[in-house]
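A.B. asks: Here you go, sequence then predicted model.
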Amino acid sequence: MSHTYEYAGFWIRLLASIIDSIILIVALIPIMMIIAPNASSGFTGWTWSDWLGQIIGAVFYIVCWVKFAGTPGKRLLRLKVLDEKTGENLTVGQAVLRYIGYFPSTLVFFLGFIWIAFDSKKQGWHDKIAKSVVVREL
């Protein structure tokens, strides 16, 4: 069966990100309460449980992009994260690059994400780095 797609814009991708954030928070809070119930960073920086939460989040996103072509929020909204050239699921390398690309996308007032609203392929900086696109199934 052949599918028709269009590039997914800023607002629907933002909604998908909000859904994913809620899912991660709901999943991580009980895990962190079990693993590190007394963890507190105060003014000294991150604890090991903070780092663990970041690692779990990274693995969540990377696995979802590679195996399912999107996170639960994206899939719920009929969005897919695909290779820009082939239209296939991302490779592990592309998914890692895309995740790492989130950092420069956030550094200057989230300009790398806002870029999605103005780009012809609706790509953020992280998409350009990984050579990925986010599409909506019609």
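C.D. replies: Right, received. Where do you want to start? Predicted, not measured: the structure shown is a model, and the values here were computed from it.
A.B. asks: Tell me where the model's unsure across this structure.
C.D. replies: 1-2, 39-45 (pLDDT under 70).
A.B. asks: Can you name the next helix or strand after the longest helix along it?
C.D. replies: Using DSSP state H, we find that the single longest helix of the chain is helix 10-35. Toward the C-terminus, helix 10-35 is succeeded by helix 48-68 as the next helix or strand (DSSP states H and E).
A.B. asks: Report the central residue of this structure.
C.D. replies: Closest to where the C-alpha atoms of the chain average out (C-alpha atoms, centre = their mean) is residue 61, at 5.4 Å.
A.B. asks: That one against residue 101, yeah?
C.D. replies: No - Residue 61 lies out of contact with residue 101 (C-beta atoms under 8 Å); the separation is 11.4 Å. Glycine gets a C-beta too; all of them are placed from N, C-alpha and C.
A.B. asks: ok, back up a step: the residue nearest to the centre of the chain and residue 118, how far apart?
C.D. replies: Distance, residue 61 to residue 118, by C-beta to C-beta, to the nearest Å: 24 Å.
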